[in-house]
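> Using only what follows, build the 3D model:
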Amino acid sequence: MSQRMILNETSYFGAGAIADIVNEVKQRRFVKALVVTDKELVKHNVVSKITGLLDLHQLPYSVFDETVANPTIEVVQQGLAAFKAAGADYIIAIGGGSPMDTAKAIGIISNNPEYADVRSLEGAVATAHKSVPIIAVPTTAGTAAEVTINYVITDTQNKRKFVCVDPHDIPIVAIVDPDMMSSMPKGLTAATGMDALTHAIEGYITKAAWELTDALHLKAVEIIARSLRGAVNNDPQGREGMALGQYIAGMGFSNVGLGLVHGMAHPLGAFYDTPHGVANAILLPSIMAYNADYTGEKYRDIAKAMGVPGIEQMSIQEARKAAVAAVRQLSEDVGIPSRLREAGVREEDIPALARSAFEDVCTGGNPRETTVAEIEELYRAIF
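Below is the predicted model:
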């Protein structure tokens, strides 16, 4: 059986890495960029760190800053119109998962116009042509959208989020510069960091996991566990660690998929606009406990990577409980709420949430087979 790995053509890491954008643009002979971002990043002069470089080197661009959290079909279509109006030939995506996902959809549809309705991109669609070239500059340390072949769009009309999986959407260049993440407030740092940990853990235990992705995910768990608390306190070493850890997790899960945590988190974003990282963080410990008996020795490995002492001497059941406890403690330490009601979830919506989660593409990768009734029970237990 063959295994496939898809990664960026080129990636740059470290403080000041954004300067490498200029050489990449010139060497690739790009003409004009559409900068895809959001208004907050423009307002707080994060985007100007990039556009200032473009101005300095007289590299033309237009800015589309209409992206929103949990990007919608309508925003993608607005961005597509902006790309065409600008006469752009490449995209610079600046932001967290929302600008990145928006940019991917714009890039794919620009070169595959038969998918202009956006909804038809759901699932593993075999598009004929590669995306418009994307240079991805993350400003959060969590989604790893700069290295994945996935993006998520919200269908507000039907109150659902859908996952698109397409090897043609991966950015050609990723610029992972922790200085671009230094303006993140504590809450966002915590939420996106727990999202990254969820990627690493779900990627490690998903059905499609194999040796190469296992190595990536365990290393990601180790780096995130030692870095997230510091990053939340804006420690430069913590920021740099999270920038790297989330990227490594993305290298893995993009190629093997995720599980029930993401399957249950996506409906929360669609129904309530819940920040994705917060949804994952609330769900992760309980769903880890739900999956525990279907993971072999993997929770021992996770606990060891998180620095739990004495893990080798524990029984398998003790090790599994220790892994769940370590994740729960990290979540508490960085200020993530522990209950869904604290994130605005309404109890009367739980049956609909459960049906949507069961149908989510990520749920199929969960190591334990589940049912709508069991998912509903999990939502209620965490409510």
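> May I see the buried residues of stretch 55-63?
59, 61, 63 (16 or more other C-beta atoms under 10 Å). The way it works is simple: take the backbone N, C-alpha and C, and place the C-beta from them, glycine included.
> Ends of that stretch, what's the gap?
One end of stretch 55-63 to the other measures 13 Å (C-alpha to C-alpha, to the nearest Å).
> who's in contact with it?
22, 25-26, 31-35, 37, 42, 47, 51, 53-54, 82, 85-86, 88, 92 (C-beta atoms under 8 Å, 6 or more residues apart in numbering).
> Of those residues, select the buried ones using a PyMOL command.
The command below creates a PyMOL selection of those among these that count as buried (16+ other C-beta under 10 Å):
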select buried, resi 25+33+34+35+37+42+47+51+53+54+82+86+88+92
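> tell me the pLDDT at the residue nearest in space to the middle of the chain?
Geometric centre of the chain, nearest residue: residue 143, 2.2 Å, by C-alpha atoms, centre = their mean. At residue 143, the model reports a pLDDT of 90.
> Do I have it right that it meets residue 191?
No. Counting by C-beta atoms under 8 Å, residue 143 does not reach residue 191; the two are 10.6 Å apart.
> which residues do these two both contact?
residue 276.
> Pick the one among the buried residues of stretch 55-63 closest to residue 283.
Nearest to residue 283 among these, counting by C-beta to C-beta, is residue 63 at 35.1 Å.
> What strand or helix carries the closest one?
Element membership of residue 63 [criterion: DSSP states H and E] is strand 61-64.
> Could you give the separation of that strand from the chain centroid?
Its chain's C-alpha centre and that of strand 61-64 lie 24 Å apart, by C-alpha atoms, centre = their mean, to the nearest Å.
> so what are the domain limits for the protein?
10-180, 186-382 (the TED database).
> Kindly reformat the ones you listed as TSV containing distance to residue 1.
Shown next, in TSV, are the domains of the chain (distance: least, C-beta to C-beta, whole Å):
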stretch	distance to residue 1
domain 10-180	18
domain 186-382	9
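> Rounded mean pLDDT for the strand holding residue 63, please.
Strand 61-64 comes out at a mean pLDDT of 98.
> Parallel or antiparallel, list what pairs with that strand.
If you go by DSSP bridges, strand 61-64 pairs up with strand 33-36 (parallel).
> now could you export just the CA positions of the strand it pairs with as PDB?
This file holds the C-alpha atoms of strand 33-36, laid out as PDB (Å, rounded to 0.1, in the frame of the first residue of the first chain):
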ATOM      1  CA  ALA A  33      -0.800  40.200  -5.800                       C
ATOM      2  CA  LEU A  34      -4.200  40.100  -4.300                       C
ATOM      3  CA  VAL A  35      -3.600  40.400  -0.600                       C
ATOM      4  CA  VAL A  36      -6.300  38.400   1.200                       C
END
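> quick one: the helices in the stretch 251-383 of the chain?
Ranges of helices in the stretch 251-383 of the chain, per DSSP state H, counting those that start in this stretch, are 260-272, 276-291, 298-305, 316-333, 350-359, 372-382.
> Repeat that for the stretch 101-250 of the chain.
Using DSSP H, counting those that start in this stretch, helices in the stretch 101-250 of the chain cover 186-205, 211-232, 236-256.
> starting at the chain centroid, how far to stretch 79-98?
So, by C-alpha atoms, centre = their mean, the centroid of stretch 79-98 is 19 Å from its chain's centroid.
> same deal with stretch 156-174?
Distance, centroid of stretch 156-174 to centroid of chain: 11 Å (C-alpha atoms, centre = their mean).
> now swap in stretch 44-60 and tell me
Distance of stretch 44-60 from its chain centroid, counting by C-alpha atoms, centre = their mean, is 25 Å.
> Pull up the distance across it, start to finish.
Stretch 44-60 stretches 22 Å from its first residue to its last (C-alpha to C-alpha).
> Show me the shaky parts of the stretch 51-200 of the chain.
Along the stretch 51-200 of the chain, the model assigns pLDDT under 70 to no residue.
> let's see 90
Low-confidence segments of the stretch 51-200 of the chain (pLDDT under 90): 69-70, 158-161, 182-184.
> about what we covered before: mind checking the helices of the stretch 251-383 of the chain for the one nearest to residue 248?
Among the helices of the stretch 251-383 of the chain, helix 298-305 comes nearest to residue 248, with 12.0 Å by C-beta to C-beta.
> For that closest one, what does the pLDDT average out to?
If you average the pLDDT over helix 298-305, you get 98.
> by contact count, what packs against that helix?
Applying 3 or more C-beta pairs under 8 Å, 6 or more residues apart in numbering; DSSP states H and E, we find helix 298-305 packed against helix 186-205, helix 211-232, helix 316-333.
> switch to 10 Å and redo it
Under the contact definition 3 or more C-beta pairs under 10 Å, 6 or more residues apart in numbering; DSSP states H and E, helix 298-305 sits against helix 186-205, helix 211-232, helix 276-291, helix 316-333.
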